[in-house]
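K.L.:
Need a 3D model of the sequence below.
(4 chains)
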There are 4 protein chains.
Amino acid sequence: MSSKVIAAVMPAPRVPVELREFDEPDLPVGGALLRTAMSEVCGTDVHLWHGRLSGVPYPIIPGHVTTGTLDKARGTLKDVQGNILNEGDRLAFFDVHRTCGKCLACTANRTPTRCPSRRVYGITDSATEGLFGGWSQKVYLEPGVVVAKLPDRVTFEDYIGGGCGLLTSVHIIERAKIVMGDTVVVQGAGAVGMCSAALARKAGAAQVIIIGAPASRLELAGRMGADAVINIDTASPDERIAQVMALTNGIGADVVIEAAGSPRAFEEGVRMARNGGAYVIAGHYTNTGDSTINAHEHINRKHLDIRGCWGSEAGHFLRALTILDRYRDEIPFKDIGAKTYGLTEINEALEVAASMAIPKALVDPWR
Amino acid sequence: MSSKVIAAVMPAPRVPVELREFDEPDLPVGGALLRTAMSEVCGTDVHLWHGRLSGVPYPIIPGHVTTGTLDKARGTLKDVQGNILNEGDRLAFFDVHRTCGKCLACTANRTPTRCPSRRVYGITDSATEGLFGGWSQKVYLEPGVVVAKLPDRVTFEDYIGGGCGLLTSVHIIERAKIVMGDTVVVQGAGAVGMCSAALARKAGAAQVIIIGAPASRLELAGRMGADAVINIDTASPDERIAQVMALTNGIGADVVIEAAGSPRAFEEGVRMARNGGAYVIAGHYTNTGDSTINAHEHINRKHLDIRGCWGSEAGHFLRALTILDRYRDEIPFKDIGAKTYGLTEINEALEVAASMAIPKALVDPWR
Amino acid sequence: MSSKVIAAVMPAPRVPVELREFDEPDLPVGGALLRTAMSEVCGTDVHLWHGRLSGVPYPIIPGHVTTGTLDKARGTLKDVQGNILNEGDRLAFFDVHRTCGKCLACTANRTPTRCPSRRVYGITDSATEGLFGGWSQKVYLEPGVVVAKLPDRVTFEDYIGGGCGLLTSVHIIERAKIVMGDTVVVQGAGAVGMCSAALARKAGAAQVIIIGAPASRLELAGRMGADAVINIDTASPDERIAQVMALTNGIGADVVIEAAGSPRAFEEGVRMARNGGAYVIAGHYTNTGDSTINAHEHINRKHLDIRGCWGSEAGHFLRALTILDRYRDEIPFKDIGAKTYGLTEINEALEVAASMAIPKALVDPWR
Amino acid sequence: MSSKVIAAVMPAPRVPVELREFDEPDLPVGGALLRTAMSEVCGTDVHLWHGRLSGVPYPIIPGHVTTGTLDKARGTLKDVQGNILNEGDRLAFFDVHRTCGKCLACTANRTPTRCPSRRVYGITDSATEGLFGGWSQKVYLEPGVVVAKLPDRVTFEDYIGGGCGLLTSVHIIERAKIVMGDTVVVQGAGAVGMCSAALARKAGAAQVIIIGAPASRLELAGRMGADAVINIDTASPDERIAQVMALTNGIGADVVIEAAGSPRAFEEGVRMARNGGAYVIAGHYTNTGDSTINAHEHINRKHLDIRGCWGSEAGHFLRALTILDRYRDEIPFKDIGAKTYGLTEINEALEVAASMAIPKALVDPWR
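P.N.:
Got it, this is the predicted structure:
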């Protein structure tokens, strides 16, 4: 009859994460507790650890995308289609737990990911406020959070392998507006890049080229659906551009997706897109410096579309579940989650994630 | 019974334009001659004179947008709706006289302004090939050129006041996808900027802010529909951004249109657009240098759309005529054409255009 | 120190509306009371009275779009931009007071007007639940309702003259995707039709044709921006189609907007649209019977887009305020509100509205 | 040194097709002759035979989509990327051999399939004008026709198996705007329906349901990518609708594609689409009668998009080749072409096609 919960807390940037014990919260009506099965260490967590995001209310419990089973609910917890959820059900939930639904961003401008009141699990809520992160044995599901049952065929490993990178990729693909037969270049072979490459293929791209490193990630990207890979460790920027041109009859890619987060990638990407093509910029989650862009050469004369893509919406989360259900046998999402760590190993997991040695480190808080 | 035609020829970059006499051409079936009433000196002509465009087959007869009366036709000349055109009819024609209609740009990619075979009056055809420019008493209308009667109410001055800037602006407004009630910022108070400001208002913008100089152009921009003007001679870049923020409740503009052609304008414009807004880049017709852009701050996190816009299509030309017909009483297009020059005064006209002293110099080759 | 509120209650379909006295409600935190200045009798109220809508929880207080002053608030009431609202402020509020924000309609499908949990003032809430309608001296503003100050220049009469028809029209115009220079036909000269005609003009239509009756409404439609009117009392369906063709060089309208609510209008409208045009169907709020449509002739071969348009979203409400602020001097929205009735005259107002003798009857519950 | 060409000519509707001998044409510069490898008998040919299309200039040589080898060219024949084509090259060409490129449909309205000057192989050109159809040993390639080499991996059987149904389907899928994870219903299991189902899957649909008959076609549709099939021979209209609802959690399909050509299909399809969904109507190539549609229930309240889709453009042809190249191993396009007939068997082939006994009959004029 334990009512204690152990969580990994990031007390401040650039100090070790430590374990703390919390009381199980009293649930308000509509609230629930998730028994965590698996969470992840994503690039955002490394940024949080390095202090690269502003306004973060440390101490925090990191872990924004998480899955597990329903531990308990006060009142009836329902999914978005009105189905009642029961204790023990395998659940996923949308990590953006609040947008206001009323501001210009949420309404007239239709960009809810830019709502000033947006709150995200694992990032915007202090550990003093509650169990708002997945590096915890239990996670508090606030009333109103969008919750769904994992489809039967989708394992915890599938879901967390896709993780936040998959959600972002669903948004990216929406922005990319791929037309059947397009060639799509993806810059970056992290979780976002690999998921974007996989989805681009399934969304009608006839040729997907992924650019990144190391070779092991590129190999996985190939298994996920990339037709061609370009290794940045061995090909120079000019060679990369030349390879894309060679693969596109000298025309350039119909769509380029930036999931690399480097100013150089932006400079390279505008050179890889064809006249009248599209370029989705999604990897610049933090400020890594300025790019030098010639507006004449690479935007105006090229009649190019550049589309920033920020975060994801509840609809992307719901579509991600459908996509996992449909393609889990064809796309090895679970292989992105290369290694699983317990809470006591979390600092090691962060080091590994920061080193980019593996595609993604997972967290099992009961391990 | 004269069959001689006098035209102003630009023999090479950076030398004076000179008058030459040409024989009237023998017309092929479907070809026609236009008796020029008015042509214009647009920014492109200054670029041509300064040698800033590559691949130009000097000597050329400049003057890409031109209007006049039908002088003669071999066979029946028809407008796009199949109406027969008669001698003496007041005509306009689309200055892009060839695109291939078959290449990827023309077909699958739907960007005919990027067709590699595109030919434009006054720019891409040598004077040795024929009367392919409006700085000539007569202009050769090649078979297949899109020709239209000027609507009865539209004077030569109305049409040429809009000129190529209006055609480009029709394309810009299409790319801008203005939603009713939007605030639109236009950077640049040249012919393109002023026409874009005017059209933005008529396309549903509830507030149009134009940024440019000198004061006389801004005054005209106000009469054309701008609600607010910001003078770059008196406001610093930071002040300009601050003014846009003040006029938009601190949110930024829904749409920013770049019609300034300066690398600094690009850097400024991304700061003026709101989260989830749009930025149309249309002024970088030539290479004026690089811009320094922070992809995180100004594109990715902003969820911004940047849309290059190149040239115009036949459909924009046809819509421009409808727009002139509808709004010529409300928008003083003709006041953009500030002063008219004869062919012997053409070097003076170029000097004036290069100095930006007046919005636009017109050319009357019979004067 | 009166705490009583008088409201007009519709006890059931097809019986007289009667006055009832209510206690002022105890406000929850975030709740507020509006002192009604003006509400309206719109077509929906006539439908409610005639019992044509299913699932209505009679008795109800009708009146969905309403304006007035802030009477009192419990806690701080803010507008969507975070500005604090004070007692006495002139307010408008979005009549859809609840959507879930979580279901497929609200998220993945982006059609919040089809949210199964949608609740609308004056329609979906029983009088036993509270003051959820504008035919009442005071209206209960539930926590979370989207509230805005009326712009200074916008009078109560302006706002209510536009009313729910304006909000719907903002949505219609969004769906219509008008391109500058288009010809737009509007079927129906009620509040929705007139507002749509007015907005179409301001959104870039070069020619707006409205079709309806009686002559007095068409006269007002002309003052609101219609360029041409076709009176259905004097022109047969074939004559109407012929007139539209004559006004469009035999091509048909680029966009047709159905705001008539008749099965015959649908049959007529598909004949008026041009090849590749668009047809927005917005007037069929209730079931008035079937239409006979030839899919080959009027949809497939015509490459036609038909777009149903249901209700309005908070963003449309906010844009409507901007539109009123910008155009109230150019578009006589207030003239739609032809006559004002007190609560004791409400049955007469309903009779008048049902007879369509005037464009719209207003309600002043303090009169 | 034979210069005679044998072709099958349809002299008039409702009479037998007969063989005629033609002289090889003198080629103009830019013209070419294709040695036919394979053509098809598509639904249009049956319509032509039954006299259901108006304005057809009988006698005609049917066969609009055709493939073969380059027999001879006068001058240099190039593909759309400027590559020179040589005798013996395996070619495909776009069957729409002329649109004007100047009219409102071709320019401002961007609907070239509605160009009044459109000419299509096998339909709009009389046999007296030349070899404009594929039921001929050689086909005249007019200067300007869009020609492409078949990709190396794509066999004649692959190409003609897709045939005109594939081209139309590429257009349909463009109009359908499928979002990843959508459920798509396809009504009709002919060549267009099967290709649409296959492409929908590859364009991101997570679930594709095809409705048609007979069982053999549904079996092939399953192999092409349909996840579920509904046999109209065994399920009533109400049962079909119920099955779609059951497969979509009671919500309806995101996208419905009509490729059945029956008025009843239209009535059924609007009932299968979800709120805010899309319905592409592409099967009504001829007039098969009127549909009875309730605009309130099925369009307005449903906030439904209905999109007519007519013909295909050169861009769709080019994308079809990319699609064949990419997916020929995954989608058995060639199995649509069930049986091949020689020219002497062509009346039998028409009977078989009219009976719908096989998905598609092919024509080998050298057999």
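K.L.:
and A:S117, what does it touch?
P.N.:
Residues near A:S117 by C-beta atoms under 8 Å, 6 or more residues apart in numbering or on different chains: A:R98, A:T99, A:C100, A:C103. Where you see a C-beta, it was placed from the backbone N, CA and C, and this is true even at glycine.
K.L.:
That one and A:G133, how far apart?
P.N.:
Relative to A:G133, A:S117 is positioned 19 Å away (C-beta to C-beta, to the nearest Å).
K.L.:
Please apply the same query to A:R223.
P.N.:
Counting by C-beta to C-beta, the gap from A:R223 to A:G133 is 31 Å.
K.L.:
Who has more neighbours out of the two?
P.N.:
Set A:R223 next to A:G133 and count neighbours by other C-beta atoms under 10 Å in any protein chain shown: A:G133 wins out with 28 against 14.
K.L.:
give the contact list for the more buried one.
P.N.:
By C-beta under 8 Å, 6+ apart, the neighbours of A:G133 are A:7, A:39, A:60-64, A:66, A:121-122, A:125, A:127, A:139.
K.L.:
Filter those residues down to just the ones in strands.
P.N.:
A:A7, A:S39, A:T66, A:V139 (DSSP state E).
K.L.:
Just want the residue of the stretch 151-300 of chain A that's nearest chain C.
P.N.:
A:V170 (9.8 Å; C-beta to the nearest C-beta).
K.L.:
Now for that residue, which secondary structure element holds it?
P.N.:
If you go by DSSP states H and E, A:V170 is part of helix A:156-176.
K.L.:
pLDDT (mean, whole number) over that helix?
P.N.:
Throughout helix A:156-176, pLDDT has a mean value of 97.
K.L.:
Output the helix or strand just after it as PDB - backbone C-alpha positions only.
P.N.:
Downstream of helix A:156-176, the first helix or strand assigned by DSSP H and E is strand A:183-187. C-alpha atoms of strand A:183-187 as PDB (Å, rounded to 0.1, in the frame of the first residue of the first chain):
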ATOM      1  CA  THR A 183      11.700  13.300 -54.100                       C
ATOM      2  CA  VAL A 184      12.100  14.300 -50.400                       C
ATOM      3  CA  VAL A 185      15.500  15.100 -48.800                       C
ATOM      4  CA  VAL A 186      15.700  14.800 -45.000                       C
ATOM      5  CA  GLN A 187      18.600  16.600 -43.300                       C
END
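K.L.:
Which helix or strand lies directly C-terminal to strand A:183-187?
P.N.:
Per DSSP H and E, the first helix or strand lying C-terminal to strand A:183-187 is helix A:191-202.
K.L.:
Who are the packing partners of the helix or strand following that next one?
P.N.:
Elements were assigned by DSSP H and E; along the chain past helix A:191-202, the next helix or strand is strand A:207-212. Applying 3 or more C-beta pairs under 8 Å, 6 or more residues apart in numbering or on different chains; DSSP states H and E, one finds that strand A:207-212 contacts strand A:183-187, helix A:191-202, helix A:215-224, strand A:228-231, helix A:237-247.
K.L.:
okay, those in CSV with distance to B:I346 next?
P.N.:
Rendered in CSV, the data for the helices and strands packed on strand A:207-212 read as follows (distance: least, C-beta to C-beta, whole Å):
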stretch, distance to B:I346
strand A:183-187, 47
helix A:191-202, 53
helix A:215-224, 60
strand A:228-231, 52
helix A:237-247, 42
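K.L.:
Please tabulate the ones you listed in CSV, including the columns mean pLDDT.
P.N.:
Listed next are these as CSV, based on pLDDT from 0 to 100:
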stretch, mean pLDDT
strand A:183-187, 98
helix A:191-202, 98
helix A:215-224, 97
strand A:228-231, 98
helix A:237-247, 98
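K.L.:
what residues does the stretch 1-150 of chain A put near chain B?
P.N.:
Selection of the stretch 1-150 of chain A residues close to chain B by C-beta under 8 Å from any C-beta of the partner chain yields A:L104, A:A105, A:A108, A:N109, A:R110, A:T111, A:T113, A:R114.
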